[in-house]
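>>> Sequence and computational prediction follow.
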Amino acid sequence: MWYLLSHRLFVLVKRDNERQLEAKSRAALSAKRKQAAASRWNKSAVKEDQRTKAVDKTTMTYTVQDKAKVVWAAIGRRGVIGPFFFEENVTGISYLRLPQNQFYPAVRGVRVSIRIC
């Protein structure tokens, strides 16, 4: 017998966002280091261009609220079919399209006995 499960995964999305922010901060730090090294070697050029160029400052932006994803899966004795992700807001239409477009094609390859309660 299969049960349908719908659950919001804030933890996974938060971890993904944290990884992306860490990668961005590492890239920004290496860019700052490269810029500092270049400025050490080209101090005379930097002094000449002070009037025309402003020193670039790296800014980091953080999202206040993480995007939540809705996960849908079917769980039964024989295993799990899914997970299927909703990336936009879940409406009645998008919830109806999920089984039609993703779940039924996935079930065609699995041998299942379905009981209707």
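Perfect, I can see it now.

>>> Give me the pLDDT value at Gly92.
According to the predicted model, the pLDDT of Gly92 comes to 81.

>>> lowest average confidence, helix or strand, in the chain?
None of the helices or strands of the chain scores lower by mean pLDDT, DSSP states H and E than strand 3-8, at a mean of 46.

>>> My guess is Val70 contacts Glu88. True?
No: the pair Val70 and Glu88 does not pass the contact test of C-beta atoms under 8 Å, sitting 9.2 Å apart. All C-beta spots, glycine's among them, are computed from the backbone N, C-alpha and C.

>>> Counting neighbours, go ahead and name the busier of these two.
Using other C-beta atoms under 10 Å, the more surrounded residue of Val70 and Glu88 is Val70, with 19 against 8.

>>> With adjacent residues omitted, what lies nearest to the more buried one?
Excluding its sequence neighbours, the residue lying closest to Val70 (C-beta to C-beta, 6 or more residues apart in numbering) is Phe86, at 4.1 Å.

>>> which residues does the one you found contact?
Taking C-beta atoms under 8 Å, 6 or more residues apart in numbering as the definition of contact, the neighbours of Phe86 are 69-72, 94, 98.

>>> Between these, which sits nearest Ile81?
Trp72 (10.0 Å; C-beta to C-beta).

>>> okay, now the closest one: neighbour count?
A count of nearby residues for Trp72, using other C-beta under 10 Å, gives 20.

>>> how would you label it: helix, strand or coil?
Under DSSP: H, G, I helix; E, B strand; the rest coil, the three-state class of Trp72 is strand.
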